[in-house]
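Asks: following is a predicted model, sequence given first.
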Amino acid sequence: MEQPRGTKQKKSCQKNVFIILGFLFILAIITIITVAIIQNKPLEKNVKYGIVLDAGSSHTNLYIYEWPAEKENDTGVVKQVDMCKVDGPGISSYYKEPEKAGLSLKKCMDEAKGVVPENRQRETPLYLGATAGMRLLSMVNPGLSDQVLSSVENNLELYPFDYQGARIITGQEEGAYGWITINYLLGKFVQDESWLSFFPGLKGSETFGALDLGGASTQITFVPENDIESPDNSLHFRLYGRSYNVYTHSFLCYGKDQALQQLFASNIKPTDTILQDPCFNVGYTRNVNVTGLYKNHCTAAYRKSLNVTNVQVIGTGNHDQCLQNVLEIFNRSQCTYSRCSFNGVFQPHLQGDFGAFSAFFFVMDFLKLADIKNPKSLEDAKETVRKFCSRPWQEVKVEFPKTKEKYLSEYCFSGTYILSLLEVGYGFNSTSWDSIRFVGKISGSDAGWTLGYMLNLTNMIPAELPPSRPLSHEGYVALMVVSSLVLVAVLLIIWLSCCKEKCLEKGII
Ligand SMILES: O=P(O)(O)OP(=O)(O)OP(=O)(O)OC[C@H]1O[C@@H](n2cnc3c(O)ncnc32)[C@H](O)[C@@H]1O
Ligand SMILES: [Ca+2]
């Protein structure tokens, strides 16, 4: 029996509704499943690595850094993941057997192979930067310094990393990269400071100055308020959209080992086999080979003809006399600029806060003067050093049995030298002393020039602020899903209301 026309139409309309509803339902399910699969797919960790060897005058350290590849140009994303101390002395000490300089790096380079995943090793840049020890060697004997660098190069090329070269960095670079490192780690470079332009008197958060004390040289770097009178001390950076005029100076021969060599060289008498030294604790003795001492570039000014080859240094533990001796190596009598630090070197007025690292930190930390939560005044610091100098060597040795004898025996000298360098050399006083923070690590990374060096050579610090994306990846996905669902719902509602009207018109419902 034939069905009435209205019933037929009603059935076909219902069928269409079901087909379209079913289609939309399947589409929605497919969309949700696809998004869920994409979203929950385990993300491949795209991490990049970089290796820098810091070939210092006293020893070499290897640093491994890592960062997420997609955030390469963001600030504060590079982290130190490993540090390896190379056994033995700095590479410049191998000048008599240059081939051993390269071999000395083996243990740490093997360690690096274990830290950087195999599939990342080929793309991991590897740099070696040598500092003041090699600077001194290249001044005295450039041939030997080239041999040492070749030996290092031959060994580094054996590894599966992307070797980028071994070179002696300048004192200016050392200061600049140390400054970049600490300000990068302190997050000083990226701030949206556009609102500050509405308040001309207000300044953005200022950068920290950097104070680095090595074995053979020391660097001071900061952004001064006034002009930099000497071009040699002036650097200009444009980082993340801001310009920086930076003052820097590296004093070769004023690292703590070379400063001590200067003292020995100046105080040893041509005929005496004994040197009574106030910068060592009473009861401490050490032999110094004076023939080697005067071959050094840093002691050239004190060269004298000697009748002895060895001198025995005997500690007298007298802080005041030690201080007097130390002050003699800072020449403050001549200056051709409006102001100088010492040795005729221009230095603008100190400005802002400073991070003091390397031996500044090692020594002040040992003397318990580096605790940021319990800062000590300059007067307290002087008193602490004075007390340490007056202690007998035997007593000190018993109290610190695990501390390396070389370091322990030199804390009286080192403390006195550091306070003199900061106060008399650079001009810190009781007030500005409070602006110095003695730091070893910042957010897990060592303070030093290596991180800044790598950031610069891998172009990881852009001159201008990278254009920021309006939405994060997660936000983008969420927005797409919600919009799709809304679109489906709207289409459904429109279609249903259309259908309802037509069906009503035709008397189907
Ligand atoms: O920058 P250059 O001048 O090339 O030297 P370096 O890189 O080898 O110098 P470091 O900062 O590693 O060390 C600076 C000095 O501090 C000494 N030193 C290292 N660790 C120390 C510690 O725990 N206590 C005292 N002194 C330490 C080291 O022997 C150096 O004389
Ligand atoms: Ca150093």
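Replies: Cool, got the structure. Ligands and ions are numbered 1, 2, ... in the order given.

Asks: which parts of the stretch 1-150 of the chain are helices?
Replies: 5-40, 99-103, 106-115, 118-121, 132-140, 142-156 (DSSP state H, counting those that start in this stretch).

Asks: what is the neighbour count of G344?
Replies: Counted with other Cβ atoms under 10 Å, the neighbours of G344 add up to 13. Heads up, the C-betas are built off the backbone N, CA and C, glycines and all.

Asks: from what I can see it touches N331, true?
Replies: Yes. Proximity of G344 to N331 meets the contact threshold set by Cβ atoms under 8 Å, at 7.3 Å.

Asks: how about the contacts made by N154?
Replies: N154 is in contact with G102, counting by Cβ atoms under 8 Å, 6 or more residues apart in numbering.

Asks: and it, how far from A359?
Replies: 31 Å (Cβ to Cβ, to the nearest Å).

Asks: which pLDDT value belongs to whichever residue of the chain sits closest to ligand 2?
Replies: Going by Cβ to the ion, ligand 2 is nearest to G214 of the chain, at 3.6 Å. Looking at G214, its pLDDT is 98.

Asks: just A28 next, same as before
Replies: If you check A28, the pLDDT there is 68.

Asks: how about the one 10 residues further on?
Replies: The score at I38 is 65. That number is its pLDDT.

Asks: got it, and F360?
Replies: 98.

Asks: the residue of the chain closest to ligand 2 reaches S58, doesn't it?
Replies: Yes. Counting by Cβ under 8 Å, G214 does reach S58; the two are 7.4 Å apart.

Asks: and the stretch 1-150 of the chain, which residues reach ligand 2?
Replies: Within the stretch 1-150 of the chain, the positions lying close to ligand 2 (Cβ under 5 Å from the ion) are G56.

Asks: switch the cut-off to 6 Å
Replies: Residues of the stretch 1-150 of the chain lying close to ligand 2 by Cβ under 6 Å from the ion are 56, 131.

Asks: for ligand 1, give me its nearest residue in the stretch 1-150 of the chain.
Replies: Closest contact between the stretch 1-150 of the chain and ligand 1, by Cβ to the nearest ligand atom, is at G56 (2.3 Å).

Asks: which residues touch that residue?
Replies: Here G56 is in contact with 90, 130-133, 214-216 (criterion: Cβ under 8 Å, 6+ apart).

Asks: same thing but 10 Å
Replies: 86, 89-92, 129-134, 174, 214-217, 255, 358, 448-449 (Cβ atoms under 10 Å, 6 or more residues apart in numbering).

Asks: let me see the ranges of the helices in the stretch 301-450 of the chain.
Replies: Counting by DSSP H, counting those that start in this stretch, the helices of the stretch 301-450 of the chain are 319-327, 359-366, 378-389, 393-399, 405-420, 449-457.

Asks: same list (the ones you listed) but as TSV, adding mean neighbour count and distance to A265.
Replies: TSV is the format used below for the helices of the stretch 301-450 of the chain (neighbours: other Cβ atoms under 10 Å; distance: least, Cβ to Cβ, whole Å):
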stretch	mean neighbour count	distance to A265
helix 319-327	18	12
helix 359-366	22	20
helix 378-389	18	21
helix 393-399	14	23
helix 405-420	22	14
helix 449-457	23	28
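
Asks: how about these, which one is nearest K113?
Replies: helix 449-457 (18.4 Å; Cβ to Cβ).

Asks: tell me how far N374 lies from D380.
Replies: From N374 to D380 the distance is 10 Å (Cβ to Cβ).

Asks: over to L485?
Replies: Separation of L485 from D380 (Cβ to Cβ): 66 Å.

Asks: now G427
Replies: The gap separating G427 from D380 is 20 Å, by Cβ to Cβ.

Asks: would you check that F362 makes contact with D212?
Replies: No. Look at F362 against D212 with Cβ atoms under 10 Å: they stay out of range, at 11.8 Å.

Asks: where does the stretch 101-250 of the chain have low pLDDT?
Replies: 191-204 (pLDDT under 70).

Asks: which parts of it are strands?
Replies: For the stretch 101-250 of the chain, strands defined by DSSP state E, counting those that start in this stretch occupy the ranges 125-130, 162-168, 209-213, 217-222, 234-239, 242-252.

Asks: of all those, which one comes closest to K79?
Replies: Taking these one by one with Cβ to Cβ, strand 125-130 is closest: 16.0 Å.

Asks: tell me how far that closest one lies from the chain's centre.
Replies: Going by Cα atoms, centre = their mean, to the nearest Å, the spacing between the C-alpha centre of strand 125-130 and its chain's C-alpha centre is 14 Å.

Asks: can you get me a residue count around the spatially closest residue to D146 that is not a sequence neighbour?
Replies: Among residues not flanking D146 along the chain, S138 sits closest, at 7.9 Å (Cβ to Cβ, 6 or more residues apart in numbering). By other Cβ under 10 Å, 18 other residues sit near S138.

Asks: these two touch, right, S138 and S145?
Replies: Yes. Here S138 reaches S145: they are 3.8 Å apart, a contact under Cβ under 10 Å.

Asks: quick check: neighbours shared by those two?
Replies: Both S138 and S145 are in contact with 92, 130, 168, where contact means Cβ under 10 Å, 6+ apart.

Asks: out of everything not next to it in sequence, what's closest to S445?
Replies: Counting by Cβ to Cβ, 6+ apart, the nearest residue to S445 once its immediate chain neighbours are dropped is Q80, at 3.8 Å.

Asks: up against ligand 1, what does the stretch 351-500 of the chain have?
Replies: Residues of the stretch 351-500 of the chain lying close to ligand 1 by Cβ under 6 Å from any ligand atom are 358-359, 362-363, 366, 407.

Asks: export these as TSV, with columns for distance to ligand 2.
Replies: Below are these laid out as TSV (distance: Cβ to the ion, whole Å):
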residue	distance to ligand 2
S358	6
A359	8
F362	11
V363	14
F366	18
Y407	16
